[in-house]
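*Asks:* okay, here's the prediction I keep looking at, along with the sequence it came from:
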Amino acid sequence: VAFAIEGYRDPTSIVSSVPAARVEVIKHLCRCYKVVMKTLFCMVGFLLLVGCGFQLRTWDLASAYQSVRIESHVDSSIDRDIRGVFVSSGLVVVDDGEADLHLTIDREDFEQSSDVFTGDGRVAGYRLQLRVTYQVSEANGKTLVSSRTLQEERSLPLNRANVVGSDAEKRLLVEEMRTDIVQRILRTLALLTDQVDKRSDAS
């Protein structure tokens, strides 16, 4: 009773009476809880990404072009992502033969480098870079976009206590960068389409 009364008068007296070892255990449990929750968040986000894909914005491309041929020299999902947006925009995607537009994905390069360091010189974070090189031409051979490289960057904190969560977060960031690059390519094509429409209206 005296302990309870004293704790009521001065709450800090109760905290100070708790053994230091027990305090460390509580702190450790709190850290473990945060790690587990972050891992679950990253894994759920990655599963949703794989299952549903990013919701890419659609563009009005079919007003000037009816078909597009995609020639990809890279092994990644960027070909699938661009193909999906073209179909959503009303374009016919052909694998072989002639098409109004010819989009070539020449390269996709991914680079991971140490970016953040702790006081004792250990790596604490990485910089992720994704570069995609592409070009666009019309059926008559006219170049609309000469070889152009787009780049996206992200920062990835290193969590040594949660390697699985870090890997899932890395995959999410790479897909996010790829999605942003796809949107930039399509934005350029939309601007070209708008110019073609204006020339048609003027004539």
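*Replies:* All right, it came through fine.

*Asks:* domain ranges for this protein, per the record?
*Replies:* 2-50, 53-202 (automatic domain parsing).

*Asks:* which stretch in those is the model least sure about?
*Replies:* Out of the domains of the chain, domain 2-50 stands lowest, with a mean of 51 (criterion: mean pLDDT).

*Asks:* in this structure, which helix has the most residues?
*Replies:* Ranked by residue count, the top helix of the chain under DSSP state H comes out as helix 163-202.

*Asks:* so what secondary structure elements neighbour it?
*Replies:* Secondary-structure packing of helix 163-202 (3 or more C-beta pairs under 8 Å, 6 or more residues apart in numbering; DSSP states H and E): helix 20-52, helix 78-88, strand 101-117, strand 123-138, strand 143-157. C-beta: built from backbone N, CA, C; applies to glycine.

*Asks:* if we go to 7 Å?
*Replies:* helix 20-52, helix 78-88, strand 123-138, strand 143-157 (3 or more C-beta pairs under 7 Å, 6 or more residues apart in numbering; DSSP states H and E).

*Asks:* for that helix, buried residues please.
*Replies:* For helix 163-202, burial by neighbour count (16 or more other C-beta atoms under 10 Å) applies to 165-166, 168-170, 172-179, 181-186, 188-190, 192-193, 196.

*Asks:* the inter-axis angle of that helix versus strand 143-157?
*Replies:* Computed by axes from the mean of the first three to the mean of the last three C-alpha atoms, to 10 degrees, the angle separating helix 163-202 from strand 143-157 equals 160 degrees.

*Asks:* residue 100 touches residue 65, doesn't it?
*Replies:* Yes. In this structure, residue 100 is within contact of residue 65 by C-beta atoms under 7 Å, at 4.0 Å.

*Asks:* ok, residues contacting stretch 129-136?
*Replies:* 78, 101-111, 144-153, 174, 177-178, 181, 185, 189 (C-beta atoms under 7 Å, 6 or more residues apart in numbering).
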